[in-house]
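Enquirer: sequence first, predicted coordinates after that:
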Amino acid sequence: MDNPSIKFGDKVLIRSTDATDALGVSGRTGTVYGSTTPSVTGVVVIGNPREDFAVSVGIDGRTDQLWFAEDLLEFVDHQTGTTMKISGSRFIRDESGEWREVNPN
């Protein structure tokens, strides 16, 4: 993987290529929503993954789910302070990119 630091919740920049230019997403930032193995899930991947791996990125203003080859993404930041709730537990993102469980307010 080119960007082993890219994880769920990270902000990424989409690099300019013919494929990303054609979709109008070059130079835009988005949030990583997950990853998958395209050979198993059958997702359409933007770019040519070097490995059987793709990253889902949500882009503001778009409702479609886009899957990218990892080398088309550039890490921006971990979005420190982002919170999420899962099954009644609350988590907050720290500076290192780790999710820490916190007491509910």
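Expert: Sure thing, it's come through.

Enquirer: now do the strands in the protein.
Expert: Chain-ordered strands for the chain, with DSSP state E as the definition, fall at 11-14, 29-36, 45-46, 54-58, 66-68, 73-77, 83-86, 89-93, 99-102.

Enquirer: pLDDT on the fifth one, on average?
Expert: Averaged across strand 66-68, the pLDDT comes to 97.

Enquirer: in this protein, which residue is most central in space?
Expert: To find the centre residue of the chain, average its C-alpha atoms and take the closest one (CA atoms, centre = their mean): that gives V32, at 1.7 Å.

Enquirer: who does it bridge with?
Expert: On DSSP bridges, the residues paired with V32 through beta bridges are V57.

Enquirer: check the gap between it and D18 for me.
Expert: Plainly put, V32 is 23 Å away from D18 if you go by CB to CB, to the nearest Å. Placement of C-beta: from N, CA and C, glycine included.

Enquirer: run through this protein and note the low-pLDDT ranges.
Expert: Residues of the chain that meet the criterion pLDDT under 70 lie in 1-5, 104-105.

Enquirer: again, 90 this time
Expert: Counting by pLDDT under 90, the chain has low-confidence residues at 1-7, 50, 60-61, 79-82, 84, 86-88, 95-98, 103-105.

Enquirer: the residue nearest to the centre of the chain is in contact with V57, isn't it?
Expert: Yes. Proximity of V32 to V57 meets the contact threshold set by CB atoms under 8 Å, at 5.9 Å.

Enquirer: okay, and the common contacts of these two?
Expert: With contacts taken as CB atoms under 8 Å, 6 or more residues apart in numbering, the residues that reach both V32 and V57 are V12, L73.

Enquirer: any chance of a markdown table for the strands of the chain, columns distance to L23?
Expert: Putting these into a markdown table (distance: least, CB to CB, whole Å) gives the following:
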| stretch | distance to L23 |
| --- | --- |
| strand 11-14 | 9 |
| strand 29-36 | 12 |
| strand 45-46 | 7 |
| strand 54-58 | 11 |
| strand 66-68 | 8 |
| strand 73-77 | 14 |
| strand 83-86 | 27 |
| strand 89-93 | 28 |
| strand 99-102 | 30 |
